[in-house]
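Novice: the following block contains a protein sequence and its predicted model.
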Amino acid sequence: MKIDIKRGDPRSLKLLDLNARFMRHEQFQQLVTNVRKDQVLTSTPFVWRDTATGDGHVLSGNHRVKAAIEAGLEEIVWLETEEPLTEEERIAIQLSHNAIAGEDDLAILKTLYERIGDLNLREYAGLDDATRRTSPNSTARPSRRPTSASRPSPSSSCPTT
């Protein structure tokens with residue numbers, strides 16, 4: 001797949017209508033705060049350009065794009081492909097970017113977090129209370145995907161559109 005680095009207005013991109021990835025409101029607000037502080041996205045969204053319509057569809061990074069818009073960024077950088085992709089291929093890319101991820105070694109995570117003395121930078125790190133309280137001897141990863149019983153209601157989470 002051929003990929004290019006593009007730069008443009010995040011408002012020009014189309015976000016997913018259906019995104020399995022959600023973010024609690026508090027997490028999204030922390031993301032907005034970080035993006036506003038940085039004045040740039042430090043993790044790159046992935047966009048598929050529909051050459052028939054010219055529309056850029058965000059396959060990965062919808063929350064980052066939304067945060068950039070809310071933070072007032074007029075320009076962001078993203079990875080883009082114009083390869084002809086079927087809907088199934090686009091969905092597979094979307095799901096793979098969310099599902100294939102490493103796990104945190106919580107002992108190392110705790111060690112690194114404790115090396116940050118500045119309270120503002122600790123907040124910027126975005127770790128939640130449950131992660132910070134984890135035993136330094138544990139290598140288990142707390143679930144980042146709540147069960148359906150504990151999943152936030154739509155009003156308390158950040159939708160993608």
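Specialist: Received it, and whenever you're ready, just let me know what you need. Numbers count the residues shown, from 1 in each chain.
Novice: going by C-alpha atoms from here, please, whenever you check contacts or count neighbours.
Specialist: Will do.
Novice: got the phi/psi numbers for the nearest residue to residue 36 once chain neighbours are set aside?
Specialist: Once flanking residues are discounted, residue 36 sits nearest to residue 71: 5.0 Å by CA to CA, 6 or more residues apart in numbering. According to degrees, to the nearest 10, the main-chain angles of residue 71 amount to phi -80, psi -10.
Novice: who's in contact with residue 71?
Specialist: Applying CA atoms under 8 Å, 6 or more residues apart in numbering, we find residue 71 in contact with 32, 33, 35, 36.
Novice: closest to residue 81 out of those residues?
Specialist: residue 35 (24.2 Å; CA to CA).
Novice: so the closest one sits against residue 41, correct?
Specialist: Yes - checked against CA atoms under 8 Å, the pair residue 35 and residue 41 is within contact range at 6.1 Å.
Novice: do you know how far the residue nearest to residue 36 is from residue 49?
Specialist: According to CA to CA, to the nearest Å, residue 71 and residue 49 sit 24 Å apart.
Novice: can you map out the helices along this structure?
Specialist: 25-38, 62-70, 87-99, 106-114, 119-125, 129-132 (DSSP state H).
Novice: buried deepest among these, which one?
Specialist: Neighbour counts (mean count of other CA atoms under 10 Å) averaged over each of these peak at helix 62-70, with a mean of 22.
Novice: check what contacts that one and list those residues.
Specialist: With CA under 8 Å, 6+ apart as the criterion, helix 62-70 contacts 10-11, 15-16, 23, 28, 31-32, 35-36, 40-41, 43, 45, 76, 160.
Novice: what's the mean pLDDT across it?
Specialist: Rounded to a whole number, the mean pLDDT of helix 62-70 is 98.
Novice: distance between the ends of stretch 5-18?
Specialist: The stretch stretch 5-18 measures 25 Å between its terminal residues, going by CA to CA.
Novice: follow-up on the earlier one: using CSV, please lay out the helices of the chain together with distance to residue 54.
Specialist: Written out in CSV, the entries for the helices of the chain read as follows (distance: least, CA to CA, whole Å):
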stretch, distance to residue 54
helix 25-38, 27
helix 62-70, 18
helix 87-99, 16
helix 106-114, 42
helix 119-125, 36
helix 129-132, 42
